[in-house]
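> would you be able to build a 3D model of this:
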Amino acid sequence: MEHSPYTVSDVMTQTVVAIGENARFKEIVETMEQWKVSALPVLAGEGRVIGVVSEADLLPKEEFRESTPDRSEQLRRSDDVRKAGALTAGELMSAPALTVHAGDTLAQAARTMAYKSVKRLPVVDRTGMLQGMVSRSDLLKVFLRPDEDLAAEVREEVVAPLFGTSAQEVAVRVSDGVVTLSGPLHDRSLMAAATRSVRAVEGVVDVTCEVTEPVPARTERAATGPHTAP
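Residues are numbered from 1 along each chain as shown. This next block holds a predicted model:
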């Protein structure tokens, strides 16, 4: 059985709270507190994502509440200074919104979050309509896969096609997501390829190899009696 890579649709949250671009500052804070989220997608029309308001977008109002930044700071942090005076989601939001699609792989979503230093992303369709949200914790759900499932996938998708007739000599053990491959192998170079392939299996934490030298085949000698020259 061929396993497809896990995608955002496998782990995303489909029930999502969102706000309109005219939502007021206090309403935004109250919504975040009520739903225990750190960011909210901002929608226009019937559900098209046009931006995201995060806690980071709200903090400048508190930061600059008691003091006015000097000219150099205003130039250096012009966006934060602007947000300190913002009153609505449309003025506060980061736009255009950084989004992912339901069919994106978890690796793609993880790279986007890492490169852009964000904790969650709206999931949209091809027209930009909101479908859900995916967070860092959602991406970690693959590591909850049972060890038995991981072992079965490694045997079927890695060991069997890679080692062929020698596959039965390769033992696969999984404990807490760590895969151990062991057995006598004639071609040790295959183990490096196997290690790379196992690491690509969703939910695998690490891979170790315990390769032993194959036992040489015995050569049977036929017993012969005394030889008499003619």
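> if you rank every helix and strand of this structure by mean pLDDT, what lands last?
helix 71-76 (a mean of 72; mean pLDDT, DSSP states H and E).
> so how far is that one from its chain's centroid?
Counting by CA atoms, centre = their mean, to the nearest Å, helix 71-76 is centred 38 Å from the centre of its parent chain.
> next SSE downstream of that helix?
Elements were assigned by DSSP states H and E; along the chain past helix 71-76, the next helix or strand is helix 78-84.
> who touches that following helix?
Contact partners of helix 78-84, identified using CB atoms under 8 Å, 6 or more residues apart in numbering, comprise Asp57, Leu58, Pro60, Lys61, Glu63, Phe64, Arg65, Pro69, Glu73, Gln74, Glu91, Leu92. Where C-beta positions appear, they are placed from N, C-alpha and C, glycine not excepted.
> next structured bit after it?
helix 89-92.
> with just CA atoms, put that following helix into CSV.
Extracted C-alpha coordinates of helix 89-92, given in CSV (Å, rounded to 0.1, in the frame of the first residue of the first chain):
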residue,chain,number,x,y,z
ALA,A,89,-8.4,45.2,12.4
GLY,A,90,-8.0,46.7,8.9
GLU,A,91,-5.4,49.2,10.3
LEU,A,92,-3.7,46.6,12.6
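> any idea how far the one residue sitting closest to the centre of the chain lies from Arg77?
By CA atoms, centre = their mean, the mean C-alpha position of the chain lies nearest to Leu106, the distance being 3.7 Å. Per CB to CB, to the nearest Å, Leu106 is found 34 Å from Arg77.
> next: Leu58.
15 Å.
> and the contacts of helix 78-84, which are buried?
Asp57, Leu58, Pro60, Lys61, Phe64, Pro69, Leu92 (16 or more other CB atoms under 10 Å).
> can I assume the fourth one is in contact with Ile28?
Yep, that's Lys61 we're talking about. No: Lys61 sits out of contact with Ile28 when judged by CB atoms under 8 Å, with a separation of 10.8 Å.
> CSV please, covering the contacts of helix 78-84 and showing distance to Glu169.
Below are the contacts of helix 78-84 laid out as CSV (distance: CB to CB, whole Å):
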residue, distance to Glu169
Asp57, 58
Leu58, 60
Pro60, 63
Lys61, 65
Glu63, 63
Phe64, 68
Arg65, 69
Pro69, 69
Glu73, 67
Gln74, 70
Glu91, 66
Leu92, 61
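> Pro161: which of the residues you listed is nearest?
Taking CB to CB as the measure, Pro161 sits nearest to Asp57 out of the contacts of helix 78-84, at 48.8 Å.
> let me know the helix or strand that that closest one is in.
Asp57 is part of helix 55-63, with elements assigned from DSSP H and E.
> for that helix, packing partners?
For helix 55-63, the packing partners by 3 or more CB pairs under 8 Å, 6 or more residues apart in numbering; DSSP states H and E come out as helix 25-35, helix 78-84.
> tell me the secondary structure for Val198?
Under DSSP: H, G, I helix; E, B strand; the rest coil, the three-state class of Val198 is helix.
> what's the burial count for the closest residue to Ser54 other than its chain neighbours?
Distances taken as CB to CB, 6 or more residues apart in numbering place Ala39 nearest to Ser54, at 4.0 Å, with adjacent residues excluded. Neighbourhood size, Ala39 [other CB atoms under 10 Å]: 20.
> wait, Ala39 touches Glu55, no?
Yes: at 7.1 Å, Ala39 and Glu55 qualify as touching, with contact defined as CB under 8 Å.
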